[in-house]
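Colleague: this one's sequence-less:
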């Protein structure tokens, strides 16, 4: 059981890295914050399309990764 969870943790970790790397760049937002574009800094923008999918996938994979990690900790303690 621990071996299966360890393999799952590695696979989910790899997929998590891939989804983080595939997210759209926010360089323009950071540049405008540093150059004084504070008017748009706190504007709420809703993610749409690919950006929304990647945000949900990252959050889901992160949650699954933590759950598997906690399950492995529990199994190793008992």
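Modeller: Perfect, thanks for sending it. This structure is a prediction, so every number in the text was calculated from the model and none was measured.
Colleague: in which helix or strand would I find the spatially most central residue of the chain?
Modeller: In the chain, the residue lying closest to the centroid (Cα atoms, centre = their mean) is residue 58, at 3.3 Å. Assigned by DSSP states H and E, residue 58 belongs to helix 50-77.
Colleague: now that helix, how far from the chain's geometric center?
Modeller: Helix 50-77 has its average C-alpha position 9 Å from the chain's average C-alpha position, going by Cα atoms, centre = their mean, to the nearest Å.
Colleague: if we can go back for a sec, is it true that the residue nearest to the centre of the chain touches residue 16?
Modeller: Yes. Assessed by Cβ atoms under 8 Å, residue 58 is found in contact with residue 16 at 6.9 Å. For every residue, glycine as well, the C-beta is placed using N, CA and C.
Colleague: In three-state terms, label residue 25 for me.
Modeller: Using DSSP: H, G, I helix; E, B strand; the rest coil, the structure places residue 25 in coil.
Colleague: what's the burial count for it?
Modeller: If you count neighbours by other Cβ atoms under 10 Å, residue 25 ends up with 7.
Colleague: Give me the spatial nearest neighbour of the residue nearest to the centre of the chain, chain neighbours excluded.
Modeller: For residue 58, ignoring the flanking residues on the chain, the nearest one in space by Cβ to Cβ, 6 or more residues apart in numbering is residue 19 at 4.8 Å.
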